[in-house]
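**Q** Sequence and computational prediction follow.
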Amino acid sequence: MSAHGVPPAGTGRDAQAAGAAWDEPDLLRDQFRQLLRYRWLIALGIVLGLLGGGWLGISGGASYNATTEITVRPLPIDGSGERSAPGDVSMGSERRTALSSVVADRAARILRTDGSRIPCDLQVTNPPETRMLRFSCTAPGAGAAARAANAYAEAYLDNREEDAATRVRTMVDAYEKQRAPLLKERDRLAAQIASSSGDDRALDGTVAAHSSAVSRIAELNGSISDLRAEDTTPGRVVTKATPPAAPSGPGLPLLLGLGAAVGIGLGLLAAWVRLVFDPAVRSPGDVVRALHAPVLGTLPHGRRARRDGNGRADRRSLLAVGRLAEEYRSVAFRLAYDETFAQRRRILLVPPRGSIATALAASVNLAASFAEMGKEVLLLEAAR
């Protein structure tokens, strides 16, 4: 029951006082209690979260992760056929090569399986400021994960070593092609020198040309010898993958816990949405916020008034008893003696909302309560 129907004087102060009574902590507690009215939505959210977590844990199955680490050694010749600077390695290019289909095919041959059927989710990473590659394989089995990681690392090293050897052979072949005509020219000039007739000027030119050819041949021979002596070791394995002892995934218990937490959140969200769009008044705070007026009291549900033969309420049954009567007395006492209503207790209007029975019962019981306190009361029933 709110204080509507009294003169408007002091209404703003009363609303402000009523709003101050419902400060933020009280409002939050009240909203939380209102959310708990929809326990079935919260329980439904928890059940759905548990079912989702269990489904992920069961359908995903156990997965194992194994890791092989290798260090990458700089090669003597880069991809363009030029000699590379000492310590010069493009780790980004090496990582892309490790993830290429060429390395995957080599790993499949090592595992004696089809390249597209390797049961492994491969990830290749390069720790910052290092010349290291980390091959991580995730597979349904612990042994399969370790074998796949080692196979990929071995395939990468073999591919890199073969590529380096091919580059060396290509450069040697190029030098040998340059040396072949020089050898013929050297032999021709040597024969010409041997058959010289003694012309010093012509002989000096032939000897100079012969010396130049020999010098160039020696230079090419030196380059060929250096290339053949180059170390084409691609790198070495630092950490070899071993079968992991436990799955690497979150596991069923953790997924169930996460599902329950997400379910609680979804349930509270659903309850809050239901509360926002619920027009029913659930608490005195709802009345204060909706009407901007103080709440005088809360009347419990009482029995319905008996009706006479004409269908009208029996006035003898309008007087409340028990707890309902005490609540009417409490409201009347506050209206009579509370300072908030000291300037507005001359006329009290109780307008009906729909049926007149509720307004009639409130008017009769408030009048009876005022009379018990010694007040002079005049009860009028006005009709439009």
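**A** Ah, there it is.
**Q** By mean pLDDT, point me to the weakest helix or strand of this structure.
**A** One helix or strand of the chain scores below all others by mean pLDDT, DSSP states H and E: helix 11-21, with a mean of 46.
**Q** Can you list the low-confidence ranges for the stretch 51-200 of the chain?
**A** Along the stretch 51-200 of the chain, segments meeting pLDDT under 70 span 57-62, 76-87, 115-116, 197-200.
**Q** so residue 325 sits right up against residue 365, yeah?
**A** Yes. Using Cβ atoms under 8 Å, residue 325 is in contact with residue 365, at 7.0 Å. Just so you know, the C-beta spots here come from the backbone N, C-alpha and C atoms, and that holds for glycine as well.
**Q** what sits in contact with each of these two?
**A** Contact with both residue 325 and residue 365 is made by residues residue 319, according to Cβ atoms under 8 Å, 6 or more residues apart in numbering.
**Q** Look at the two and report which has more neighbours.
**A** residue 365 (22 against 16; other Cβ atoms under 10 Å).
**Q** how far does stretch 123-138 sit from the chain's center?
**A** Here the centre of mass of C-alpha atoms in stretch 123-138, compared against the chain's by Cα atoms, centre = their mean, to the nearest Å, lies 24 Å away.
**Q** what does that stretch rub up against?
**A** Here stretch 123-138 makes contact (Cβ under 8 Å, 6+ apart) with 63-74, 89, 91-92, 94-95, 98-99, 120-122, 145-146, 148-149, 152-153, 156, 238, 241, 248.
**Q** now stretch 361-369
**A** With Cβ under 8 Å, 6+ apart, stretch 361-369 has contacts from 1, 305, 313, 315, 318-320, 324-325, 328-329, 331-333, 335, 348, 350, 377, 379, 381.
**Q** So for the one helix or strand residue 328 maps to, what gets flagged as buried?
**A** Per DSSP states H and E, residue 328 falls inside helix 322-337. Across helix 322-337, burial judged by 16 or more other Cβ atoms under 10 Å covers 324, 325, 327, 328, 329, 331, 332, 335.
**Q** and if you look at stretch 269-288?
**A** Neighbour counts using 16+ other Cβ under 10 Å place 270, 271, 275, 283, 284, 285, 286, 287, 288 of stretch 269-288 among the buried residues.
**Q** which ones are touching the third one?
**A** Residue 275 makes contact with 31, 34, 35, 37, 38, according to Cβ under 8 Å, 6+ apart.
**Q** again, but for the second one
**A** Under the criterion of Cβ under 8 Å, 6+ apart, the neighbours of residue 271 are 35, 37, 38, 41, 42.
**Q** again, only using 6 Å
**A** 35, 38, 41, 42 (Cβ atoms under 6 Å, 6 or more residues apart in numbering).
**Q** could you measure it against residue 25, distance?
**A** 20 Å (Cβ to Cβ, to the nearest Å).
**Q** Then the last one?
**A** As defined by Cβ to Cβ, residue 288 lies at a distance of 15 Å from residue 25.
**Q** sorry, back to before: got TSV for the buried residues of helix 322-337, with pLDDT too?
**A** Converted to TSV, the buried residues of helix 322-337 look like this (pLDDT from 0 to 100):
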residue	pLDDT
324	84
325	83
327	85
328	84
329	85
331	83
332	82
335	79
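**Q** which of these lies closest to residue 165?
**A** Among those, residue 327 lies closest to residue 165 (Cβ to Cβ), at 99.5 Å.
**Q** so the closest one touches residue 299, yeah?
**A** Yes. Using Cβ atoms under 6 Å, residue 327 makes contact with residue 299 at a distance of 5.2 Å.
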